[in-house]
Structures are given as C-alpha cells and as structure tokens.
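Colleague: Sequence first, predicted model second:
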Amino acid sequence: MTLTLKILADQLGGLLFDAAGAATGDAQRQQIIGAATLETAGPQDITLVDSTDKIHLLAKSRAGAAIVPPGSGPLDRPTIEVADVHRAFALAIVGFRPPRPAERVGVSPLAVVHHTARIAADVDIHPLATIGADVEIGVGAIIHSGARIMAGCRIGAGTTIFPNAVLYEDTRVGKRCLIHAGATVGAYGFGYKIVDGAYAISAQLGWVEIGNDGEIGANTTIDRGTYGPTVIGNGTKIDNLVMIAHNCRLGEHNMICSQVGVAGSTTTGDWVVMAGQCGVRDHVHIGDRAILGARSGVSNDVPARTTVLGEPAIELRERKLQLATISKLPEMRKSLKQISARLATLEQATFEQAPQYTAEHTAEQGSPVVAVAPATEAA
Amino acid sequence: MTLTLKILADQLGGLLFDAAGAATGDAQRQQIIGAATLETAGPQDITLVDSTDKIHLLAKSRAGAAIVPPGSGPLDRPTIEVADVHRAFALAIVGFRPPRPAERVGVSPLAVVHHTARIAADVDIHPLATIGADVEIGVGAIIHSGARIMAGCRIGAGTTIFPNAVLYEDTRVGKRCLIHAGATVGAYGFGYKIVDGAYAISAQLGWVEIGNDGEIGANTTIDRGTYGPTVIGNGTKIDNLVMIAHNCRLGEHNMICSQVGVAGSTTTGDWVVMAGQCGVRDHVHIGDRAILGARSGVSNDVPARTTVLGEPAIELRERKLQLATISKLPEMRKSLKQISARLATLEQATFEQAPQYTAEHTAEQGSPVVAVAPATEAA
Amino acid sequence: MTLTLKILADQLGGLLFDAAGAATGDAQRQQIIGAATLETAGPQDITLVDSTDKIHLLAKSRAGAAIVPPGSGPLDRPTIEVADVHRAFALAIVGFRPPRPAERVGVSPLAVVHHTARIAADVDIHPLATIGADVEIGVGAIIHSGARIMAGCRIGAGTTIFPNAVLYEDTRVGKRCLIHAGATVGAYGFGYKIVDGAYAISAQLGWVEIGNDGEIGANTTIDRGTYGPTVIGNGTKIDNLVMIAHNCRLGEHNMICSQVGVAGSTTTGDWVVMAGQCGVRDHVHIGDRAILGARSGVSNDVPARTTVLGEPAIELRERKLQLATISKLPEMRKSLKQISARLATLEQATFEQAPQYTAEHTAEQGSPVVAVAPATEAA
C-alpha cells in the first residue's frame, strides 16, 4: 500500500510539517509505503520518535518521515505531530502491514479432547492440543497446538493458551489471560523431608489459581500449592523464565520481570514490581506498591511503597550510599595507612619528650603491630 | 462428604479438644466438610497449624477446627492433636477431596511409537507422545502427552515423564524418577572453538544419565556430555529452571533449588544443597554435604560440610562478618574523616611547639591533600 | 569393535608409545574396545588427556591407554600422541560407537502442515510437528516432533528445529541454525502502560530475526520487537534458559551463556561474550569484543574490548581491587578503632600539658562520642 503523507497525517489525526516548519505541497504529496523503527526504516518509510529527548536519533535514520510528539519540529525531514506517538505509529504499521487474521479452527478433529471436557461456544482448539477429563473451557478461549490441559482444569472466557504450554491437573485460569508458549503451571512443589536416608517428596495436593487478565511469560513455571492453591492475582503480569514456588500468593497487578524467582509461601500485596533477576526468599511478605530493584536478593519483608536494591536488598537510598562508599574503599584503605603513619610520627614526637603513660594495644591479626613503647622501656 | 470431628479424630488417630480443653459432645458432633489451609479455610473446614510457634496465625483464620501438634491447646476452637500434623492433614484432604484416579491409557493408538522401541508391561503412553527408535521403557512407566523420547533412550520402571518434556538421543533415566513438563535433557553442550573466523561447536558425542529416584523440575535443562555422560546421581532432586551443563557429575541426594546454574565439568559429592539462584563455575568440586547459600556465586572448590554464601561465595561466618562490616561502611568513612581532622589538630599543636621532623606524604588521588608542614616552613 | 593400539594409532595419525617410551610389540597388539573419558574408561578403553597439565589425572583412571598431546610421555600406560587430541578422540569414539544415523522421514503424514506452507526439497518434518499458514522452509531443514512453526515463519536451508521448540508468527531463522528443544522465539514483549487502573500491554507488531549459523539453547526465550524485529546476528550462539527481551539487537558471533538476561532494546557489537547468569539492563550498548564476567549486573554501556565484572559491573581490574579491599574490611574496621584509641591517648597527653585550643566534632550516629575537652574545661 502507498499513502501520501497528507492522507497518513489525516488518518492519524496529526499535524504535518516539512523541514521548514510548513505543510507544503511537496511534503503533502510525499509517498510512504511502510512504517518501521529508526534502525530499519528506509527512505519511503515513516518512523517514530517517542520523546523529544530522542529527536537527535532521527539524524542517523534513513526514514523518509517521522511521527513525533507535539512541538518537536521543524526537523530535517517531514514530521507528523501527534499527541500519542505509540498509538499513531501502531495504527500506521497496522495500515501498511495488516496483521495476519487469526485462523478460526473451532475444535480441531486433530486435537485430543476428552469426552468429559466441557467446551463453550466459539472456542478454538488447535490440532495436536490435548484436553483432559473434566476440563472446562470458557467462551472464545483459544488453545494452541501442543498445549496440554490436564484433567480438571478450568480456563476462563477469552483466554489464550499458546503452543506447548502445560497446565497440570486442576489449574484454574481466569478470563482474558495469556499463557505463553512453554509455560508450566502446576508442577510439583519442591519440598522434601528425609525418610529412611533419602528425600521423600511432600504432599502435592494443591493447585494453581490465576486470576483474570493475567499474563504468564514463555517458559515460566508456577508450582502448585502443598494442600491448597498457589495464587496469582487479577491483572498480574509475569515475564519469561520466572519461577513462582509452591504456596505463594501474589496480589493484583503485580509486574514480575524476567528470570525472577519467588520462593515458597511468599506473599505480595497489589501493584508490586519485581525487576529482572530478583530473588525473594520463602515466607516473606512484599507490601503494596513495593519495588524490588533488578537483581535484588530479598530476604526479609518489604514494607509497602518501599524500593529496595542489592544483595541482600536494602532501601534504595541506603543501597546507593553503600555503593558510593564501596567505590571509595580503596581510597579509604590508603587513607587509613597514611593516618596510621602520621599517628606513629606524632606518638614518637609526643612520648619522646614526655613519656608519661603505658598503653597496650593488641595488634590485630594480619595488620602491622602497633608499636607503643611501654612505660618501663620509655622511662 | 461430611464427617464429625469425632470420626475425623478417630480416623487420624488424634486427640480431640474443644476450646475449654475437653472433648465435649458439641465438639464431637461438629460437622466438617473439607480441609483447607489457614488462608482459605471456611467455618466448616478443618485447617492445620504445623508448629506451636505458628499457633497465633489461627486467630485470623475462618477455619472451624484445626489439626495441631501435641500440647498446643486448648485454643479458641476445637483442635485435633496429632504427632505428625502434615501426615494427618494430607489424610484429611485426601478423605474430603479424593485425588483424581490416574487414567490408565496403555499405549495409546494416538501416540507415535517407533516399531523398534521395547515397551514393558503396564506402561502408559499418552496420546501424542513420541517414542523413537531403539527406546526401552521399563515396567509401569508413564509417558505423558507431548513428551518426546528420542532414539536410544532408556527409561526405568516406575518413572513418569510429564507432558512436553524432551529427552534427546540416548538419555538414560533410572527407576521411579519424575521428569517434569518442559524439561529438556540431553541438548548440546555449550562449547566452541574458533575455526575460520566463526564459532565451531565442540563434539556432542555424549549423553545424560539420571539415577534412580531422581526428580527433574519443570523447564530445567541438563546438557549431554562431550564424549561421555553428564551424570545426576541417585536420589538427587532438581527444581525448576535449573541449568546443569555438559560433563557435570552430580552425586547422590543433592538438592538443587530453582534457577541454579552449574557450569561444565563441575562435580559434587553426596547430600549437597544448592539454594535458589546459585551459580557454580566450571571444573570445580563441591564436597559432600556442602551447602551453597541462596544466590551464591561459587568460583572455587567447596570443602565437604561447608556452608558458603555471597558473590564471590565465602564461608558463611566470614560472609556474615563481611556483610556486618559493609553495613558499617558509611559510618567508617565518617569516622575516618573525623580522625583525620583530629590528627591535623594534634599535629599542629605538637609541631608548633616542637617542630622536630620533616614528614612527606603522597596525597592519594581524589582525597584532600594531607597538609604536613615541612621542617623548613615549621621552623 | 576391537582394534589394536597399532591400528588405532595409524587411523588417528598419531605416535604410539608404551610406558617405557618405545612402541613395543606388546603395546602395538594391545586390544581396545572403546573410547571413554577418564572417569568412565575401563581397562580395555582408550581415554584422552587434553593438556599436559592434566596428565596427573591419568593416574586415577582405569583406562588401558590414552590419547595425549605431543611430548606428554612416556607415561604409566601406552599413549598415542597427536597434535589435536579432541579431534582424534572424537574420531576414536565415532569409530567404536558410530552415531545413530539420522532417520530421514520426509514430510511425515503425521505432521500437520498447512496447505499454504512452502516446503523445499529434502526437508524432514517429523510426526506431530505443526507448520502454519504461509510458512517457508528451506532445503534440507529438519523440523522435529512437537515443534510449532506458526504462520508466516521463514526457516533457512539446513536449519534444525528440535522437539517442542515454538516459533511464533513471522519468526525468521537463517541457514544452518540449531534451535534447541523447548526454546520459545517470538513471544510477546513485556511492556505495559497503565490504562483505566490496570496494565495494558504494548503493541506486539514486531517479530524475531535470527541470522545464519546461530544456535539457540534449550528453553531459551527471545521476545518479538514492539514494531520491528528483535535481531540475533549471524553466528551468535545462545545457551540454555537465556532471556533476550523485545527490540534487542545482538551483533554477530556473540556468545551468550546460560541463564543470562538481556533487557529490552539493548544492543551489542560483534564477538561479545556474556558469561553465565549475567544481567544487562535495557537500552544500553555492549561494544565489540566486550566480555561480561559471570553473574555481572550491567547497567551502563560497556566500551569495546572491555571486560567488566560485579554488581554493578565495573572494569575487571577495578573489580578485583574492590574485592581485595572488601576482604580487608573487618581488618580495616579494627584498625580504625585502634587508631581512634591511640589518638585519644595522644590528645590527652598533648592537651593536658598544653591545652591551647577548642575542638568540636559532631559525633556520628551510632559511633562512640568523640571526647575532646573544650578549652574552658581543660583550662
């Protein structure tokens, strides 16, 4: 598809400017055949710059024009100014490169669906998916190829299960969720006791419950509870390769970034953020709107609205101070040596004149022995 | 199902008490319809408290009664005291909510089983599993949907392979193992050398051997050896999302928690514990019963019966001391500045009276220049 | 198969020596039935020692003979000296234990291939793989069981997709790549904004592009770009359980070890190495041939040819200095206390004789108050 910049600007509800700051006929008639990011756009593509402090990045792009925030121009090439750059650019992309229509397959005859499963209207079950006994699937849900929905699972309306995700027995998934490829929900919790000289696994009588509007990332794992549910609250989003252990209870609207691990029985409030590669120990509570900084190791409760960072994680302000001080460590060590030398000089000067007291110091292991002349020798 | 507390107590072999410490008729006749954890139990459910120091948590629960350790009561509601709370509670759950009977499917006609595979008696191979050439599967093993058992694998009696797990060629799995969903066993080791200006992969002629009674967590990966086996010893339990690299040889009864990574050719003794998110470098040895604390980065051998922690990991006692000292760093830095000031004051007082020596100190980079008056000026 | 050492040495182009340093008839006639590593070799196997500094490990092995580097012997048993030990040992293994011939299946009638897919000559599509609409697969590619190739994907000639790997829509994979089992390529990027009191997912209009000769490890995840591609350059090797987030652009010949996480929009040059369990924040650039040490947390750009380590990552030299100093911390703290005591002694000695000034120091919080007598009291 080819559009003029004029038509594109009209479709996006934006203001068109040329490099001189006007909307000349030349700019209006310029033809655009695609939309692409700064790195990949060619001379006939439109690109985007999503904030005024990134405008300088445009200079290196081959793009023919750009969608930009209001007041960004005039720039070195035509621009369309819009209030919501991301919304406009997504519209442009969809216009030039319409998304592949989702193929509706209904319940494929090549899927393996247990005769006791209850499948609502308008559900797609792709070839080679398996649906176990007593499973319930809500209206409009999509189960992709290779997904394994084991016995007793409940899947809410409008939820999508991507290829090769596995839901163990009795997993409950709410409405409008996305469960990405390779995610494993409901595997056994990692708890053992030693019986007769070997590890014996704990009870595995629980299950996993995921609320509405959740997202579970690719290859993420959420283990079932020991006796009851491991719970993921409504609206909570979990990235790829995350581990949520048995008996955890995450609140609503949490954002759990990639490769985070949360150990058993830990609970969170609402709107908690865990940045990438955090670890949280078992049996702690993370309060509402707390933020765990990237790669933090959290071994205690975190109060609401608190940001922590580091290993072990402490409050952000403290951690910054700690890091600043650690960076001064080599300097401090030098300083300490110098002070010690100055002190020795002073001691010599002072006590050679007036040796009046006895001091004993136990030299610390590995440090130079502190030489203070005892009274008997100094006399 | 509905049971009276009297009948339940008898079934569990426990002692029933009411809130007054007696076994009154009222308590005996109280009806229970389910068993649930503290957070989820309702007034007609029985719950559990598994140690006396958690008894206070019962106050917040809506549970109608509780299974507790001996000597816990009397409490605010009826209790059944038993020696093994977890065993009794698991029995109660199974009574009220009988586990779904495992559906025996035999070798499903919808599975794809190579004609050279040797399948013992009493094996379940679920629909859409694939079994390669020359595979051997022992008595009573269960292969779930979507599991891929590639050519030459050996699977011991009583082992369960959960959905979508993948065993590359020639993987050996012992008896009574659990291989969870999405686990990948036997993929290529990550070793390269540069040939003609590009990475060329090393030999991939080995395989993986897992002993008896092992557990491999969901989405965990264990790579094949270069020439011979990567070995996981008998009884060793591995949690989700763990990486065991090529040529590793783990001993027996290890416990490897979630998201741990063990680099190539590392070996362990028996009863080693690696807590969550540890990393262990290549070619080191972790001795019998060593414990690697959570998120430790281990770059050296660890002696038997030693606990290490931190990044880089050091002995626990040392690490605690280190952490304590790091927390004092800002204070130490202030202290150092004060001492320096006091020293300057003293130097001035001493050498103004009796300027007897010359001192030169090279000021450290970035620190305030140490002002010591040379003899010529002080004179 | 049984070979004499003489024949084996000839086949490998190596020089045979016995324990006395000669090539006696006894050594020549010694029969070998297999090749195995030091730990697993028996008396009739040949083993390898790949560098002269590991020769001492041979003493503990039961192997009957060893392939060793030139000039290693004479040793305690017969040896074959060759220039490239690994190449020779791989040849020996393949001789004794010929690799299972890859079974050519063509396009299996048990695979589910969309009628619009374009499959080149000599392609294997194993049973129960699924190939979506408009997919293109190049000459000689192999798609294993359970792999899910969604609509619009392009797979280059000679590429192998292992079992249960998932390629979301429009993923492009170059020639001669290996995509290991359980890898998920092209799942949604983890980006949200808050709309009406809940997280709304960002646009998911992009895709993933993997160059030629790439390797993607088992259970690794690479997310699609927001509007355009997430890019993995030619020859770049990625280990297991790695996370590459949306919009990243990795250069050529990168080596990304296990459990590394790279956050969104980060870019790398060529020949970058990221050791195990690193984390790299979003929107940074890692220069050509930079090395990120194991478990580093990288939150800034890294210049070309620079090695960084630590959390936060700093240059290797600095990090070593920092670690050395941290290990001295307890000692420094003791030293500081002793200096403070010595100083107090000196102050007392000096100002008792000649109290000439007033000093005030604000005692730091938590530290012992610094006692300096004011002039009025000292007088």
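Modeller: Good, I have the coordinates. Fair warning: this is a prediction, and the values are worked out from it, not measured in the lab.
Colleague: Show me how chain A divides into domains.
Modeller: Following automatic domain parsing, chain A resolves into domains at A:3-96, A:165-320, A:329-378.
Colleague: In CSV, list those domains along with distance to C:Ile326, mean pLDDT and mean neighbour count.
Modeller: (C-beta placed from N, C-alpha, C; glycine too.) Formatted as CSV, the domains of chain A follow (distance: least, C-beta to C-beta, whole Å; pLDDT from 0 to 100; neighbours: other C-beta atoms under 10 Å in any protein chain shown):
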stretch, distance to C:Ile326, mean pLDDT, mean neighbour count
domain A:3-96, 37, 94, 18
domain A:165-320, 13, 97, 23
domain A:329-378, 7, 58, 16
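Colleague: Would you mind putting those domains into a markdown table with distance to chain C alongside?
Modeller: Below are these laid out as a markdown table (distance: least, C-beta to the nearest C-beta, whole Å):
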| stretch | distance to chain C |
| --- | --- |
| domain A:3-96 | 4 |
| domain A:165-320 | 4 |
| domain A:329-378 | 4 |
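Colleague: of those domains, which approaches B:Gly21 most closely?
Modeller: Comparing the domains of chain A against B:Gly21 with C-beta to C-beta, the closest turns out to be domain A:165-320 (27.0 Å).
Colleague: ok, now how distant is A:Gly235 from chain B?
Modeller: 20 Å (C-beta to the nearest C-beta, to the nearest Å).
Colleague: Spatially, what comes nearest to that residue if we skip its sequence neighbours?
Modeller: A:His253 (4.3 Å; C-beta to C-beta, 6 or more residues apart in numbering or on different chains).
Colleague: The one you found is in what secondary structure piece?
Modeller: A:His253 is part of no helix or strand, with elements assigned from DSSP states H and E.
Colleague: Which one of the domains of chain A lies nearest to B:Arg342?
Modeller: Among these, domain A:329-378 sits nearest to B:Arg342 (C-beta to C-beta), with 9.8 Å.
Colleague: who wins for proximity to B:Ala304 among the domains of chain A?
Modeller: Nearest to B:Ala304 among the domains of chain A is domain A:165-320 (17.8 Å), distances taken as C-beta to C-beta.
Colleague: Report the contact partners of the residue nearest to A:Gly235.
Modeller: A:233-236, A:270-271, C:198-199 (C-beta atoms under 8 Å, 6 or more residues apart in numbering or on different chains).
Colleague: coming back round to it: of all the domains of chain A, which one comes closest to C:Ile314?
Modeller: Closest of these to C:Ile314 is domain A:329-378, at 11.8 Å (criterion: C-beta to C-beta).
Colleague: which one of the domains of chain A lies closest to C:Phe162?
Modeller: Nearest to C:Phe162, of all the domains of chain A, is domain A:165-320, at 12.8 Å by C-beta to C-beta.
Colleague: Bridged to A:Ile222, which residues?
Modeller: Taking DSSP bridges as the rule, A:Ile222 bridges to A:Val185, A:Ile244.
Colleague: contacting residues around it?
Modeller: A:183-186, A:208, A:210, A:216, A:230, A:232, A:238, A:244.
Colleague: do that again at 6 Å, thanks
Modeller: Residues in contact with A:Ile222 (C-beta atoms under 6 Å, 6 or more residues apart in numbering or on different chains) are A:185, A:208, A:244.
Colleague: can you list contacts of stretch A:270-284?
Modeller: Contact with stretch A:270-284 is made by A:251-266, A:286, A:288-299, A:301, B:276-277, B:295, C:261, C:263, C:279, as judged by C-beta under 6 Å, 6+ apart.
Colleague: okay, how far is it across that stretch, tip to tip?
Modeller: Using C-alpha to C-alpha, to the nearest Å, the end-to-end distance of stretch A:270-284 comes out at 15 Å.
Colleague: so A:Ala147 sits right up against A:Ile131, yeah?
Modeller: No: counting by C-beta atoms under 6 Å, A:Ala147 stays clear of A:Ile131, with 8.6 Å between them.
Colleague: one step back: can I get the domains of chain A in TSV including distance to B:Ala92?
Modeller: Below are these laid out as TSV (distance: least, C-beta to C-beta, whole Å):
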stretch	distance to B:Ala92
domain A:3-96	53
domain A:165-320	9
domain A:329-378	57
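Colleague: can you tell which of these is closest to B:Asp26?
Modeller: Of the domains of chain A, nearest to B:Asp26 by C-beta to C-beta is domain A:165-320, at 26.7 Å.
Colleague: Close to chain B: what parts of chain A are there?
Modeller: Proximity of chain A to chain B, by C-beta under 6 Å from any C-beta of the partner chain, involves residues A:112, A:128, A:130, A:146, A:148, A:151, A:164, A:166, A:182, A:184, A:187, A:190, A:198-199, A:203, A:205, A:219, A:221, A:227-228, A:243, A:261, A:263, A:279, A:297, A:321, A:325, A:331-332, A:334-335, A:338, A:342, A:345-346, A:349.
Colleague: Keep only those of those that are in helices.
Modeller: Counting by DSSP state H, the residues of chain A next to chain B place A:321, A:325, A:331-332, A:334-335, A:338, A:342, A:345-346, A:349 in helices.
Colleague: if we can go back for a sec, quick one, which of A:Ala147 and A:Ile131 is more surrounded?
Modeller: A:Ala147 (31 against 27; other C-beta atoms under 10 Å in any protein chain shown).
Colleague: Next, the contact list for that one, please.
Modeller: When contacts are counted by C-beta under 6 Å, 6+ apart, A:Ala147 touches A:129, A:161, A:165.
Colleague: Return the member of those residues nearest to C:Asp18.
Modeller: A:Ala165 (59.6 Å).
Colleague: Settle this for me: that closest one is touching A:Thr184, isn't it.
Modeller: No: judged on C-beta under 6 Å, A:Ala165 makes no contact with A:Thr184 at a distance of 7.5 Å.
Colleague: Spit out the residues that contact these two alike.
Modeller: Residues touching both A:Ala165 and A:Thr184 (C-beta under 6 Å, 6+ apart): there are none.
Colleague: Now the residue nearest to the spatial centre of chain A: closest residue in space, sequence neighbours ignored.
Modeller: The residue lying closest to the centre of chain A (C-alpha atoms, centre = their mean) is A:Cys257, at 1.8 Å. Nearest residue to A:Cys257 in three dimensions, chain neighbours excluded: A:Gly276, at 4.3 Å (C-beta to C-beta, 6+ apart).
Colleague: same check, this time on A:Leu110
Modeller: Using C-beta to C-beta, 6+ apart, the nearest residue to A:Leu110 is A:Pro127, at 3.6 Å.
Colleague: Check what pLDDT the one you found gets.
Modeller: Confidence at A:Pro127, expressed as pLDDT, is 98.
Colleague: from memory it sits against A:Ser108, does it?
Modeller: Yes: in this structure, A:Pro127 is within contact of A:Ser108 by C-beta under 6 Å, at 4.5 Å.
Colleague: If you count neighbours, what's buried in stretch A:118-128?
Modeller: Neighbour counts over stretch A:118-128 (16 or more other C-beta atoms under 10 Å in any protein chain shown) mark A:119, A:123-128 as buried.
Colleague: quick check, nearest of these to chain B?
Modeller: Nearest to chain B, judged by C-beta to the nearest C-beta, of these is A:Leu128 at 5.8 Å.
Colleague: residues touching A:Ile32, list them.
Modeller: A:3, A:8, A:46.
Colleague: Check A:Thr325 too.
Modeller: Contacts of A:Thr325 by C-beta under 6 Å, 6+ apart are B:329-330, B:333.
Colleague: Ignoring the adjacent residues along the chain, who's closest to it?
Modeller: B:Leu329 (4.2 Å).
Colleague: Now the one you found: phi and psi?
Modeller: Dihedral pair for B:Leu329: phi -60, psi -50, per degrees, to the nearest 10.
Colleague: A:Ala203 now?
Modeller: The phi/psi pair for A:Ala203 (degrees, to the nearest 10) reads phi -60, psi 150.
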